[in-house]
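**Q** here is the input, now give the coordinates:
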Amino acid sequence: MDIFITIVLIIAIFASIAAWINTQTILKELKEIKEHLGLKGEQNVTPPFIKNDLDK
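**A** All right, here's what the predicted structure looks like:
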């Protein structure tokens, strides 16, 4: 049973590393897309449900 748990943990570690690498790749591609489109920095966008709050 200890071998099974060890194998599962090793697979989980490899999966988390792969997910981190994938996230870094996506962020790099998004940065390139933003530069290509000429977007600068982060935009503060108010979600529509806050803008149209009827309780105010």
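
**Q** how much space between the most centrally placed residue in the chain and residue 29?
**A** Central residue of the chain (C-alpha atoms, centre = their mean): residue 23, 5.8 Å from the mean position. The gap separating residue 23 from residue 29 is 11 Å, by C-beta to C-beta, to the nearest Å. For glycine as for every other residue, the C-beta is placed from the backbone atoms N, C-alpha and C.

**Q** hmm, back to that, if I look at the residue nearest to the centre of the chain, how far off is residue 9?
**A** 21 Å.

**Q** ok, now residue 27?
**A** Taken as C-beta to C-beta, the span from residue 27 to residue 9 is 27 Å.

**Q** got it, and residue 30?
**A** 32 Å.

**Q** below-threshold pLDDT in this structure: ranges please.
**A** Within the chain, the segments meeting pLDDT under 70 span 41-56.

**Q** chain center to the biggest helix by length in it: distance?
**A** In the chain, taking DSSP state H as the definition, the longest helix is helix 2-37. Its chain's average C-alpha position is 10 Å from that of helix 2-37, according to C-alpha atoms, centre = their mean, to the nearest Å.
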